[in-house]
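Asks: I would like to see how this sequence folds:
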Amino acid sequence: MSHKLKIAGWISVGAVAGALTTVSLQTVARGSLAPLPLEELQQLAAVFGMVKTDYVEAVDEHKLIQDAIAGMVSSLDPHSQYFDKKSFKEFREGTSGRFVGVGIEISQEDGLVKVIAPIEGSPAFRAGLKPNDLITKIDDSAVKGLSLNEAVKKMRGEPNTKVMLTIYRKDENRSFPVTITREEIRTLSVKGKVVEPGYGWIRVSQFQERTVEDFVRKLEEMYRQEPNMKGMVLDLRNDPGGLLDAAVAISAAFLPENVTVVSTNGQLPESKFTYKAAPEYYQRRAGADPLRRLPAGLKSVPLVVLVNEGSASASEIVAGALQDHHRATVLGSQTFGKGSVQTVRPLGPDTGLKLTTARYYTPSGRSIQAKGIVPDVLVDETAEGNVFSLLRTREADLEKHIGSGQGPETKDPAVEKAREEARKKAEEQAKAGGPTPRAPEYGTEKDFQLAQAVNQLKGRPVLVSKTQVVENKQDKKDN
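Replies: Residues are numbered from 1 along each chain as shown. Have a look, this model is predicted:
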């Protein structure tokens, strides 16, 4: 499909040492010339010149300009961003599902890095790392005290370089070093299994370039194991989003052909668009539509979608589309509320600009922005309640977030009170030195919300939350 909301924008600025006396700059917005403010640009050039000549020590003029661009963009909203060379590379890796590293899915436990699972075929897999292994050192650096992101950066690097991990294996009560050679890793954003006869669970952790193909392959595998599927759980919990076309495709897998999945609206004519459940709206390249390989029964199998406060952007699009078309029961907690479109525009071979250009709307016309998707059935993450949800930040909590465009936001005092109580409780537990509560790993026998989703599919009683409060609730609109 030619329309991908990937619009290339170029701005060239010439500067000389000192203040510019004449500025004649224009930016092209899809064929129409919009003059930029001359006086303000002269001030910008004057400040640049003063800093360059008068500052206490010499400054790197390239860094100065980059910082000015970054500051301009970051003042808009939390999701617009200027990419320098390093961050642009990391962004591309995130959407492609490829990176250079050792190949493990990780979490944090007691300040250490816990191996959830090695990625099949990866260097870590071949080195014999196992689920529940704890990484205590990365080369000569102790892991204790590092954030998860800092640990990830230390394990990543250039292809064919080595990293030594010190592993503590609980069930064998021993520590040992493992030297692993980094290589390009292809992450799997889709997991799935038959949780019990007739009922399947498929999880999408992020919408990447290979998500649709991996999704189809996993469902084919599940249906071979269980041809008579009675119900399916689509798990989008803690899915931060990703590529729009992948979200449209996953929605289309369950919806009738050509129905609306999501619409967008912004300043540019190209940002006013409706995406439908048809190949031309989600296929990235020519060839056979991978969704054609899916079992026909997937269009009608009873469906529950699991969401929580970490479900954002593309995952909210899927949940909203399936909810509006009455194709699925959405179960869990109110989603994050990131209903804005970011367009990535290259500024050169290795820098770029991510700019918010539109808002997302569900098929019935609901804005997702700063509101999120409210589940049909509110269910806590554990039998003891929502241990973590009140401590999580949502879009409406972010500084400089844009509004929904559908009326003012209303903060519920009950939510703020519950948050304060949750913070105090967490602080008291930390002071007491007791065990830190942890959410169960998704897809396991201890996954409370998954168990409730299966109950919903079977028509059995569901343990509904008695404490959750909906923020910025918006009534559904019917077209």
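Asks: From now on I want contacts and neighbour counts done on CA atoms only, so please keep to that.
Replies: Fine.
Asks: which stretches of the stretch 1-150 of the chain form strands?
Replies: Using DSSP state E, counting those that start in this stretch, the strands assigned to the stretch 1-150 of the chain run over residues 26-29, 32-35, 81-83, 98-101, 104-109, 112-118, 134-138, 141-142.
Asks: right, so of those strands, which gets closest to residue 208?
Replies: Go through these one by one with CA to CA and the one that ends up closest to residue 208 is strand 98-101, at 9.6 Å.
Asks: List the neighbouring strands of that closest one plus their orientation.
Replies: Based on DSSP bridges, the pairing partners of strand 98-101 within the sheet are strand 183-186 (antiparallel).
Asks: Going by secondary structure, the residue nearest the centre of the chain is in what exactly?
Replies: For the chain, the residue lying nearest the average C-alpha position, counting by CA atoms, centre = their mean, turns out to be residue 240 (1.8 Å). Using DSSP states H and E, residue 240 sits within no helix or strand.
Asks: Contacts only, for it.
Replies: Contact partners of residue 240, counting by CA atoms under 8 Å, 6 or more residues apart in numbering, are 205, 206, 310, 311, 312, 313, 314, 315.
Asks: between these, which is nearest residue 428?
Replies: Checking the contacts of residue 240 against residue 428 with CA to CA, the nearest one is residue 310 at 24.8 Å.
Asks: so what's the closest one up against?
Replies: In this structure, residue 310 makes contact with 237, 238, 239, 240, 335, 336, 394, judged by CA under 8 Å, 6+ apart.
Asks: Next, it: phi, psi?
Replies: Listed backbone geometry of residue 310 is phi -90, psi 0, with angles given as degrees, to the nearest 10.
Asks: how close does it sit to residue 155?
Replies: When CA to CA, to the nearest Å is the yardstick, residue 310 and residue 155 sit 25 Å from each other.
Asks: Show me what the longest strand along the chain packs onto, helices and strands only.
Replies: Longest strand in the chain by number of residues (criterion: DSSP state E): strand 352-361. Counting by 3 or more CA pairs under 8 Å, 6 or more residues apart in numbering; DSSP states H and E, the packing neighbours recorded for strand 352-361 are strand 81-83, strand 260-265, strand 340-346.
Asks: can you give me the offset of that strand from its chain's centre?
Replies: Computed by CA atoms, centre = their mean, to the nearest Å, the separation of strand 352-361 from the middle of its chain amounts to 15 Å.
Asks: Rounded mean pLDDT for that strand, please.
Replies: Strand 352-361 shows a mean pLDDT of 94.
Asks: for the helix or strand just after that strand, packing partners?
Replies: Under the assignment DSSP H and E, the closest C-terminal helix or strand after strand 352-361 is strand 377-378. For strand 377-378, the contact count by 3+ CA pairs under 8 Å, 6+ apart identifies strand 329-332 as packing neighbours.
Asks: buried stuff in the strand it packs on?
Replies: Buried residues in strand 329-332, counting neighbours by 16 or more other CA atoms under 10 Å, are found at 329, 330, 331, 332.
Asks: Direction included, what does it pair up with?
Replies: Partners of strand 329-332 in its sheet, by DSSP bridges: strand 303-307 (parallel), strand 377-378 (parallel).
Asks: between the contacts of residue 240, which is closest to residue 262?
Replies: Nearest to residue 262 among the contacts of residue 240, with distances taken as CA to CA, is residue 314, at 10.0 Å.
Asks: can you pull the contacts of the nearest residue to that closest one once chain neighbours are set aside?
Replies: Of all residues beyond its chain neighbours, the one nearest residue 314 is residue 241 (4.3 Å), with distances taken as CA to CA, 6 or more residues apart in numbering. With contact taken as CA under 8 Å, 6+ apart, residue 241 is in contact with 206, 207, 311, 312, 313, 314, 315, 316.
Asks: Could you measure from residue 241 over to residue 341?
Replies: To residue 341, residue 241 is 11 Å away according to CA to CA.
Asks: Now do stretch 205-217: everything it contacts.
Replies: Identification of contacts with stretch 205-217 by CA under 8 Å, 6+ apart yields 94-97, 188-190, 204, 236-244, 246-247, 249-250, 290-291, 293-294, 314-315.
Asks: how about stretch 151-162: buried residues?
Replies: Judged by neighbour count using 16+ other CA under 10 Å, the buried positions of stretch 151-162 are 151, 152, 155, 156, 157, 162.
Asks: Name the nearest residue to the last one, ignoring sequence neighbours.
Replies: In other words, residue 162. Distances taken as CA to CA, 6+ apart put residue 181 closest to residue 162, at 4.4 Å, once the chain neighbours are dropped.
Asks: Likewise for the first one?
Replies: With CA to CA, 6+ apart as the criterion, residue 151 has its nearest non-adjacent residue at 6.9 Å, and that residue is residue 143.
Asks: how far does stretch 89-96 sit from the chain's center?
Replies: Its chain's average C-alpha position is 12 Å from that of stretch 89-96, according to CA atoms, centre = their mean.
Asks: cool, stretch 125-136 as well?
Replies: A distance of 26 Å separates the C-alpha centroid of stretch 125-136 from that of its chain, computed with CA atoms, centre = their mean.
Asks: Report the backbone C-alpha coordinates of that stretch in PDB.
Replies: C-alpha atoms of stretch 125-136 as PDB (Å, rounded to 0.1, in the frame of the first residue of the first chain):
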ATOM      1  CA  PHE A 125      20.300 -20.900  23.400                       C
ATOM      2  CA  ARG A 126      23.400 -22.700  22.000                       C
ATOM      3  CA  ALA A 127      25.400 -21.800  25.100                       C
ATOM      4  CA  GLY A 128      22.800 -23.700  27.200                       C
ATOM      5  CA  LEU A 129      21.200 -20.800  29.100                       C
ATOM      6  CA  LYS A 130      17.900 -21.900  30.700                       C
ATOM      7  CA  PRO A 131      14.800 -20.200  32.000                       C
ATOM      8  CA  ASN A 132      15.100 -18.800  35.500                       C
ATOM      9  CA  ASP A 133      18.900 -18.500  35.300                       C
ATOM     10  CA  LEU A 134      20.100 -15.300  37.000                       C
ATOM     11  CA  ILE A 135      22.800 -13.100  35.400                       C
ATOM     12  CA  THR A 136      25.000 -11.700  38.200                       C
END
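Asks: when you give positions from now on, start the count at 58
Replies: Shifting the count to begin at 58 puts that one at stretch 182-193.
Asks: related to what we said a few turns ago, so of the contacts of residue 298, which ones are in helices?
Replies: Secondary structure assignment by DSSP state H places 371, 372, 373 of those in helices.
Asks: separation between the second one and residue 387?
Replies: From residue 372 over to residue 387 the distance is 12 Å, taken as CA to CA.
Asks: what does the last one give?
Replies: As defined by CA to CA, residue 373 lies at a distance of 11 Å from residue 387.
Asks: Residue 439 too?
Replies: Remark: distance between residue 439 and residue 387 (CA to CA) = 17 Å.
Asks: and what of residue 168?
Replies: Between residue 168 and residue 387 the distance is 34 Å, computed by CA to CA.
Asks: What of residue 427?
Replies: In this view, residue 427 and residue 387 are 18 Å apart by CA to CA.
Asks: Next: residue 226.
Replies: Going from residue 226 to residue 387 by CA to CA gives 39 Å.
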